[in-house]
Each structure stands twice: as structure tokens, then as C-alpha cells.
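K.L.:
Need coordinates for the following:
(one chain, ligands or ions: 1)
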Amino acid sequence: MPIREADISVRGNTAYDGAGVKLQRIFGHAEASRFDPFLLLDAFGSDDPNDYLPGFPMHPHRGMETVTYLIEGSVRHGDSLGNGGTIGPGDLQWMNAGSGIIHEEMPIRSPHGVHGLQLWVNLPKREKMRDPAYRGVTAGEVPIVPTGSGSVRVLAGEWGGARGPIIGVARAPVYLDVELDADAAISFEAPRDRTAFFYILRGTVGTGSDAAGAHGAGVCILLGHGDEASFLAGPEGARFVFVHAPPIGEPIAWGGPIVMNTREELELAFRELEDGSFIK
Ligand code: FE
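P.N.:
Sure, this is the predicted structure:
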């Protein structure tokens, strides 16, 4: 089984989104074709309330899905389907925007700040105008599989006999949160027809045949072709997320929170937002 090697390494840029939330956009527009079906990865993380309290007031989405993983802090949310509540450390949200949803995500002042990841996953053309859906998952629903030298939280997909609670994402991603002790190694099956990347939350991680060439926290690496991904933690141990899913291979027409296949579909979405016919 050929081992996947590091292909592209990205650190992203500081960006301000929503009403002025400071975040790190790890990848986005410029990399979306290489990361297909993944469109964007935001890492929000700050101990300074000024960075996160502005939040993401009511805004629309269409044609994509988001998986939000809150690692620390709490976020209040509400949407046009009538969902609402507050999520806390380790909780997850899956939102399928489908034909249209309007929602808000408002971080709450928290003693250890607000830290998490938001991953956008594209929808194939035939599912972009489906009914929107939302699902909240609490930390307690996430299986934690001990590995002997660490642990794996299975957020989505299956691993180690456990099945993640995030189900129904169109591209059926495998999404794992991996913690490794110092100098521990682990490998995962990652079939060659799937796009695979990892993002380092803490410590250093080497991958593939260059396991010693460790990458640090905040780095995201797209893996090249192969069937298996292998990781080696540095002397301080490591925590990273490892994600893979099959690409869609369709054209992307992307305007802010709306991701369609053609410019015409994008223009229609923005016209519908103006004339009030966006929500189906
Ligand atoms: Fe949003």
C-alpha cells in the first residue's frame, strides 16, 4: 500500500469574517480546486473576546455544507429552520445549506476563549438545491478510541470499530481528531480516490517517508496519492485533525457564503436574496 506523501503545505492568512471575527483562513478560494470536495477551513481561536465576540450575525448559505467543531468555549446559534441553542467544548454542528438557510453563530465570552474549526464541504450539483438540514452533536456522542499511545475521536466516518456521530454529509467524509503521545506513530487507511489532508492543532507532526521533517501547529497539509497516511508525533506529542473524502470534480462558482456551479446560479441566488425569495 503506497504511503501518501505531503503534497501542499498551507498556513493560511489572518482574515476577518462575520461582524469582525478574527480568524485564520487555512485554505479557501485559491486552494479549493486542489482540496475538492473541501472548500474552506477556518481556525478560530482567541483568548481575546474582542477577536470573537462580534460573531457571525444572521447570514445566508446555499449549495454547501459546514461542519463546525468547537474545541473550547461556547457559541450560541440559531437558523431559519427553527434550530437554536448553545454549543460547548467538543460539540459539533453539521449544517447542510442545500437550497438556502439563514443562520447566526455568536460566540459567548468564555474563560478559556473560543477555539474551533469550521470546515466547508461542497455539495454535488444534484444536491445543491435539496432541502436544508441541521444537526447538533454533543461531545459525549463522539466515540474516543484509545490507540495505546494516544486516542482518536471519531467525528465522522468509521475508524477502529467506532462510527462518528456526524452522518449525512453528502461526500461522507472521514473526520478524525487524533492525539498522540510524544514520539508516537499512527497510520490510517486513506483510499487513493479520496482527497486527504491534516491540520495540526498542537505539537509537531511528520508524515509519510519524511516523518522526521516535522510540521508545527497551524500548518495544514494536503497529502498526495496513495492508500495510507502515516504520522509521527514530535517530542511534545501532537494533536491534529485528519480528514478525507472523494472529490466532486464539478466547476465551482463561489460568492461569499454561496457556492454553486455556474455564474448564472450564483447571480440568481443573490437576486433571490434581494427580492426575498431565497428561502425555499
Ligand atoms: Fe455561516
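K.L.:
Number of residues surrounding E189?
P.N.:
E189 has 12 neighbouring residues, counting by other Cβ atoms under 10 Å. (C-beta placed from N, C-alpha, C; glycine too.)
K.L.:
surely it meets E228?
P.N.:
Yes. Using Cβ atoms under 8 Å, E189 is in contact with E228, at 5.8 Å.
K.L.:
Identify the contacts common to those two.
P.N.:
The contact sets of E189 and E228 overlap at M1 (Cβ atoms under 8 Å, 6 or more residues apart in numbering).
K.L.:
which residues does R130 contact?
P.N.:
Counting by Cβ under 8 Å, 6+ apart, R130 has contacts N96, G98, S99, L123.
K.L.:
wait, what's in contact with the second one?
P.N.:
In this case it means G98. Contacts of G98 (Cβ under 8 Å, 6+ apart): R62, G63, L123, E127, K128, M129, R130, D131, P132, A133.
K.L.:
repeat for the first one
P.N.:
Under the criterion of Cβ under 8 Å, 6+ apart, the contact partners of N96 comprise E65, L123, R130, P132, A133, Y134, G168, V169, A170.
K.L.:
Okay, and the beta partners of V21?
P.N.:
D17 (DSSP bridges).
K.L.:
pLDDT wise, what is it at?
P.N.:
pLDDT, V21: 94.
K.L.:
Go ahead and confirm it touches P49.
P.N.:
No. Counting by Cβ under 8 Å, P49 is not a contact partner of V21; they are 11.0 Å apart.
K.L.:
Just give me the neighbour total for the nearest residue to G12 once chain neighbours are set aside.
P.N.:
Excluding the flanking residues, the one nearest G12 by Cβ to Cβ, 6 or more residues apart in numbering is I26, at 3.8 Å. For I26, the count of nearby residues is 23 (other Cβ under 10 Å).
K.L.:
Kindly report the same for V154.
P.N.:
Using other Cβ under 10 Å, V154 has 22 neighbouring residues.
K.L.:
Pairing partners for it in the sheet, please.
P.N.:
Beta-bridge partners of V154, as defined by DSSP bridges: L176.
K.L.:
Quick check: it vs P143, distance?
P.N.:
5 Å (Cβ to Cβ, to the nearest Å).
K.L.:
With I252 instead?
P.N.:
Relative to P143, I252 is positioned 33 Å away (Cβ to Cβ).
K.L.:
Now do the phi/psi pair for the nearest residue to G18 once chain neighbours are set aside.
P.N.:
Using Cβ to Cβ, 6+ apart and skipping residues adjacent in sequence, the residue nearest G18 is F56, 3.4 Å away. Dihedral pair for F56: phi -120, psi 90, per degrees, to the nearest 10.
K.L.:
ok, now which ones touch F56?
P.N.:
Counting by Cβ under 8 Å, 6+ apart, F56 makes contact with D17, G18, A19, V21, E104, E105, M106.
K.L.:
Tell me the pLDDT of S149.
P.N.:
95.
K.L.:
thinking again about what came up before, make a PyMOL selection of the buried ones in the contacts of F56.
P.N.:
Those of these that count as buried under 16 or more other Cβ atoms under 10 Å are selected in PyMOL with:
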select buried, resi 17+18+21+104+105+106
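K.L.:
returning to that earlier point: name the residues linked to the residue nearest to G18 by a beta bridge.
P.N.:
Bridge pairing for F56 - DSSP bridges - gives E105.
K.L.:
Could you report the separation of it from H112?
P.N.:
Using Cβ to Cβ, F56 is found at 20 Å from H112.
K.L.:
what do you get for A269?
P.N.:
A269 is 38 Å from H112, where distance means Cβ to Cβ.
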